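# Could you work out the structure for the sequence below:
(2 chains)
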Number of protein chains: 2
Amino acid sequence: MSTSFADQSTLSHDEIEEGATLAPKFDAHGLVTAIAIEAGSKDVLMLAHMNAEALRLTLDTGEVHYFSRSRQKIWKKGETSGEVQKVREVRVDCDQDAVLLVVEQTGRGAACHTGRKSCFYRRVQDGSLVDTGEPKLFDPKVVYKAQ
Amino acid sequence: MSTSFADQSTLSHDEIEEGATLAPKFDAHGLVTAIAIEAGSKDVLMLAHMNAEALRLTLDTGEVHYFSRSRQKIWKKGETSGEVQKVREVRVDCDQDAVLLVVEQTGRGAACHTGRKSCFYRRVQDGSLVDTGEPKLFDPKVVYKAQ
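Down below sits the predicted model:
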């Protein structure tokens, strides 16, 4: 089954925010924002974007697909690194312009292209960034060498 | 002390992704994406946007400020509802175009304008949305009646 999306312009404000109709609010570039968290730990792994096709592929295949704004194309998470994200649950927010992906992070458990589990490995302290000490689970120079 | 931000164009790729310099990557509209999670539970509360001034106010005051894209102005979270978000920690992601806010959600504990704790109160199931049953902690008709 291929998931289809309703057009927000055909729905009332109440239907969009309280209803059962999946009607993602894609922006001027055709994108929604996606947050991926790890099932269980609830650690925030990464933030990326999806166009309609990436969201549809994610829902239909159970593996997360994003849309790369820099490369202007869909990428299946892990297609190069092996760090596939398996979907446990997908949620939408009130106005349906953001999705929350609850995933099982496969491979070495590294969502970030730097080799770390999470992209959020630095915290702000007194105007500077402090490394939180997340280990690098893979060497990006090796994993992405063909690119 | 007022927090200042470096310009990414003056930094190397490695300095941006691995360094200690806070250099947010604001998009063409001058915004970064912000995810707010609740300290302790790690529940994802909401997703919104910040311009430089909103991020600076958040870091300097310890209370979360966002930038409303629809109203084109900064708003302090909770200024109308009372649901102020107190900052416990701010993180940035690898390319510094997203921030993760770890917050204490004050007031009635409702980050969402619908009165719920989280904006992500519906999950996708078989192409439709299913309410996860989050209670409404306030009545938006009462809270926002003056608007």
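# got a list of what the residue nearest to residue A:56 when sequence neighbours are not counted touches?
Spatial nearest neighbour of residue A:56, excluding adjacent residues (Cβ to Cβ, 6 or more residues apart in numbering or on different chains): residue A:3 at 5.3 Å. Any C-beta I mention is one placed from the backbone N, CA and C, and that applies to glycine too. Residues in contact with residue A:3 (Cβ atoms under 8 Å, 6 or more residues apart in numbering or on different chains) are A:22, A:55, A:56, A:59, A:60, B:127.
# Got the confidence number for residue A:3?
Model confidence at residue A:3, given as pLDDT, is 93.
# coming back round to it: out of the contacts of residue A:3, which is most surrounded?
residue A:55 (28 neighbours; other Cβ atoms under 10 Å in any protein chain shown).
# what's the particular helix or strand that has that one in it in contact with?
Using DSSP states H and E, residue A:55 sits within helix A:52-61. If you take Cβ under 8 Å, 6+ apart as the criterion, helix A:52-61 is touched by A:1-5, A:24, A:26, A:30, A:32, A:34, A:50, A:63-67, A:74, A:76, A:87, A:90, A:99, A:101, B:124, B:127.
# Report the mean confidence score over that helix.
Average pLDDT, helix A:52-61: 98.
# Over to stretch A:134-142?
94.
# now do stretch A:83-98
Stretch A:83-98 comes out at a mean pLDDT of 98.
# can you map out the strands along chain A?
A:32-38, A:44-50, A:65-68, A:73-76, A:85-92, A:98-105, A:122-125, A:128-131 (DSSP state E).
# ok, back up a step: buried members of the contacts of helix A:52-61 into PyMOL, please.
A single PyMOL command selects the buried members of the contacts of helix A:52-61 (16 or more other Cβ atoms under 10 Å in any protein chain shown):
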select buried, (chain A and resi 3+5+24+26+32+34+50+63+64+65+66+67+74+76+87+90+99+101) or (chain B and resi 124+127)
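# Run a quick neighbour tally on the residue lying closest to residue A:45 once chain neighbours are set aside.
Counting by Cβ to Cβ, 6+ apart, residue A:45 lies nearest to residue A:111, which is 3.7 Å off, once chain neighbours are set aside. By other Cβ under 10 Å, 28 other residues sit near residue A:111.
# Quick one, grab the pLDDT at residue A:111.
97.
# hang on, it packs against residue A:83?
Yes: at 6.4 Å, residue A:111 and residue A:83 qualify as touching, with contact defined as Cβ atoms under 8 Å.
# which neighbours do those two share?
With Cβ under 8 Å, 6+ apart, residue A:111 and residue A:83 have common neighbours A:77, A:105.
# burial measure for residue A:51, as a count.
Residue A:51 - counted by other Cβ under 10 Å - has 22 other residues nearby.
# what's the closest non-adjacent residue to it?
residue A:67 (4.3 Å).
# Could you check how many residues crowd around the nearest residue to residue A:42 once chain neighbours are set aside?
Excluding the flanking residues, the one nearest residue A:42 by Cβ to Cβ, 6+ apart is residue B:42, at 4.1 Å. Neighbourhood size, residue B:42 [other Cβ under 10 Å]: 14.
# still on that earlier bit, who touches the residue nearest to residue A:45 in this structure?
A:36, A:45, A:46, A:77, A:83, A:85, A:105, A:117, A:118, A:119.
# Number of residues surrounding the last one?
Same thing as residue A:119. Counted with other Cβ under 10 Å, residue A:119 comes out at 27.
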